[in-house]
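> Generate coordinates for the sequence data below:
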Amino acid sequence: MSQTRSVAWLSRALSRASAPVCAALLATASLAASAQTPATPDAEALFQQHCGSCHDPAIERAPSRAVMQQMPATQIVGALTNGIMSPMATGLSSADIQTLAGHLGAAEIADAAEDALGSTPAVELDGDIPPAPPANWVAYNGDYSSQRYSPLDQINKDTIKGLRVAWRQSLTPTDPNRDPAVRIPPPSSNNQTTPLMVDGLVYYSTGIGGVSALNATNGALVWNFEPASASDLATSDEAASQSGGGATRGLTYYDDGADGRIMALVGGHYLTAINAKTGQPVTSFGENGQVDLRKGQSRGATEFTWRTGPTVIVRGVVIIGSVVSDINADRGRPQLKTAMAGDVRGIDVLTGEQLWIWHSIPQEGEFGVETWEDGSWEYTGHTNVWGAMSADEELGMVYMPETTPTNDWYGGYRPGDNLFAESIVALDARTGKRVWHFQGVHHGLWDYDFPCAPILVDITVDGKLVKALAQPSKQSLLYVLNRETGEPVWPIEERPVPAGDAPGEWYAATQPIPLNGKGEPFAYDQLGVSVDDLIDFTPELRAEAEALLEQYAYGPIYFPIVMKDEGIGAGKRGSIHMPGSFGGTNWPGASFDPETSTLFVPSAHTPIEARLIPAPEGSDTGYTREKYQPLLGRAACRCSSRPTAALSPSTSARAK
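Numbers count the residues shown, from 1 in each chain. Just a heads-up that it's a prediction; the model follows:
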């Protein structure tokens, strides 16, 4: 078997059959860090003032200090300057950022990393393996059904042992055409991109927020579109902002009947159309190939970014959400109830014209505005689509998982059920009109937003074909709906939930609980906390576990967050919630195998501890969650992660 054939089989099989596997081959290698910059009192004080509440100790959202000490200093600078942590760097000077990066990160190893990740030769496989059949990966989740299924079968239990690295390429490839005078921003610390594979080319968002195309056979760079190129095209006076950006999680491919288009968010603000074959901007789209997404928003908003979810394209319309800075814990800064709303927009894929805007928080006279009592729809923000969406081209509908309103943990200033927060919303892709919606959490107080794309499947229930939608969740509840009408496929019951005693809070009396074919909660992980959930390996361990649990308030799913040292939180270290806001299923989502009618759902078996405190001085949000704390027993413990759960349908539900 020739080396060329070996490379071709590996690259086709890996990049088409599994986007996450392909991403792993493209990811930047981790090199051993050299000695850190010696600590200084000033640097440590700067860290404690601006970073310590999240990064020390290792808790929930943030990487630990030990992890950061393995990062190049340039990566930390990039994260604070124009990456995922830039909103938290407000008030830091350039010198402060350099001081923090030198204090925390490894010595400069970027050049070594780039050298190490040059193109590598393929390794010969044993045996003669035929080339893979054609199969493209044209969307973030394979296609807009979000099933993540591929018919390719060359990688199986018999051939897996023969896999070798065929090639690897940096997420920020060296471009021989790059002008040395052009300022290139540091790589983002949030490189979580999933490549596309279309007709022999692999497309991905680069570490500096551009787009690259690689030859799937050998990993060679075919073309590179950099954010600096974007700044030359766009007409804005914020050139520095345009040339920044950062990696996004995905791109979108559109078959325009010619070379095809890659639709990408470049430079943080610009929806950009790129010729898929040449890498040149499609100048007939927007202004010289770009649409400035800061324009055309509601409420006079002038800022925009979206790096966590790819667009979808349905019936010639690009549908795009947004990212906002959540209020999720006390960070020592004022917290304001007035915030930018997370509206969704539809843009003509050929011209760049904005066709419609859909208000995720209804405005006066719109459906659902009555669920925002006391006029709270006027100022409340967020409720955005930050993750991936799904779409049905035949029905002409897009399915959007919505997030939580302003302040994830306290909503006394936004009384009511708060549509369309924490909902699945189906829109007509051409008009942006709501077709149906389903709200998974009324008046959310737990950061239980829908973080991932719903999976579209056709199933047979009681002898009838149903076009269905299956939505995993952070609560580890699976919601199965008719995607044409929004009606539940199996019952979803409104069940009473306990109310809390936070001053001024508005509590929903019930929450919707999806049921399976047996009338039980359709859950794939633990719901809530009880004594029966504790270990009982020995009587002594059981007694210790019970004593530890009594230090907290706890109860069923949707148990209220407690106040610090008040009411049901008096004498308690906080309340325990299971799953926590990082438990259940998060943005990576799930997968569906239509051959076996099985949905594969990853679930993080992870609780949280929380309690409410008064919001920082200068806030108007009332209360907020106390800064993140690990859930500790007698000694620090780590949350376990359960294996992926495989959900097989009952005999009454089969895919067709």
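
> Could you tell me whether residue 437 really is in a strand?
Yes - under DSSP: H, G, I helix; E, B strand; the rest coil, residue 437 sits within a strand.

> So it sits against residue 426, correct?
Yes - counting by C-beta atoms under 8 Å, residue 437 touches residue 426, with 7.0 Å between them. C-beta coordinates here come from the backbone N, C-alpha and C atoms, glycine included.

> Could you tell me which residues touch both of those two?
residue 486 (C-beta atoms under 8 Å, 6 or more residues apart in numbering).

> Between these two, which has more neighbouring residues?
It is residue 426, of residue 437 and residue 426, that has more neighbours when counted by other C-beta atoms under 10 Å, with 25 against 17.

> Show me the beta-bridge partners of that one.
residue 399, residue 436 (DSSP bridges).

> That one reaches residue 435, doesn't it?
Yes - applying C-beta under 8 Å as the test, residue 426 and residue 435 come out as touching, 4.5 Å apart.

> Spell out which residues are contacts of both of these two.
397, 486.

> Going along the chain, name the strands of the stretch 201-350 of the chain.
For the stretch 201-350 of the chain, the strands defined by DSSP state E, counting those that start in this stretch occupy 201-205, 211-215, 221-225, 252-254, 261-266, 270-275, 290-292, 312-314, 317-320, 344-348.

> contacting residues for residue 542?
534, 535, 536.

> Kindly apply the preceding question to residue 300 instead.
Residue 300 makes contact with no residue under the criterion C-beta under 8 Å, 6+ apart.

> How confident was the prediction at it?
Predicted confidence (pLDDT) at residue 300: the value is 76.

> so how far is residue 341 from it?
With distances taken as C-beta to C-beta, to the nearest Å, residue 300 is found 11 Å from residue 341.

> Ok, residue 353 next?
Counting by C-beta to C-beta, the gap from residue 353 to residue 341 is 22 Å.

> Specify which residue of the two has the higher count of neighbours.
residue 341 (24 against 13).

> For the more buried one, which residues are in contact?
298, 299, 301, 359, 360, 361, 380, 381, 382, 383, 384.

> could you pull out the strands for the stretch 451-600 of the chain?
Using DSSP E, counting those that start in this stretch, strands in the stretch 451-600 of the chain cover 455-461, 464-471, 479-482, 492-496, 510-514, 562-563, 575-577, 591-593, 598-601.

> Please dump the ones you listed into a markdown table; it should also carry distance to residue 92, mean pLDDT and mean neighbour count for every row.
What follows is the strands of the stretch 451-600 of the chain, written out as a markdown table (distance: least, C-beta to C-beta, whole Å; pLDDT from 0 to 100; neighbours: other C-beta atoms under 10 Å):
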| stretch | distance to residue 92 | mean pLDDT | mean neighbour count |
| --- | --- | --- | --- |
| strand 455-461 | 41 | 95 | 20 |
| strand 464-471 | 39 | 96 | 19 |
| strand 479-482 | 42 | 98 | 22 |
| strand 492-496 | 47 | 97 | 14 |
| strand 510-514 | 41 | 98 | 19 |
| strand 562-563 | 33 | 97 | 24 |
| strand 575-577 | 33 | 95 | 24 |
| strand 591-593 | 41 | 96 | 19 |
| strand 598-601 | 40 | 96 | 19 |
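
> Among those strands, which comes closest to residue 94?
With C-beta to C-beta as the criterion, residue 94 lies closest to strand 575-577 of the strands of the stretch 451-600 of the chain, at 39.9 Å.

> by contact count, what packs against the closest one?
Counting contacts by 3 or more C-beta pairs under 8 Å, 6 or more residues apart in numbering; DSSP states H and E, strand 575-577 packs against strand 608-614.

> Quick check: what element follows the strand it packs on along the chain?
Counting by DSSP states H and E, the next helix or strand C-terminal to strand 608-614 is strand 623-625.

> that older thread, list just the nearest of the contacts of residue 341 to residue 249.
residue 384 (14.9 Å).

> The closest one: which element?
Going by DSSP H and E, residue 384 is not in any helix or strand.

> could you check the distance from the residue lying closest to it once chain neighbours are set aside over to residue 276?
Leaving aside its chain neighbours, residue 384 sits nearest to residue 342 (2.1 Å; criterion: C-beta to C-beta, 6 or more residues apart in numbering). Computed as C-beta to C-beta, the residue 342 to residue 276 distance reads 30 Å.
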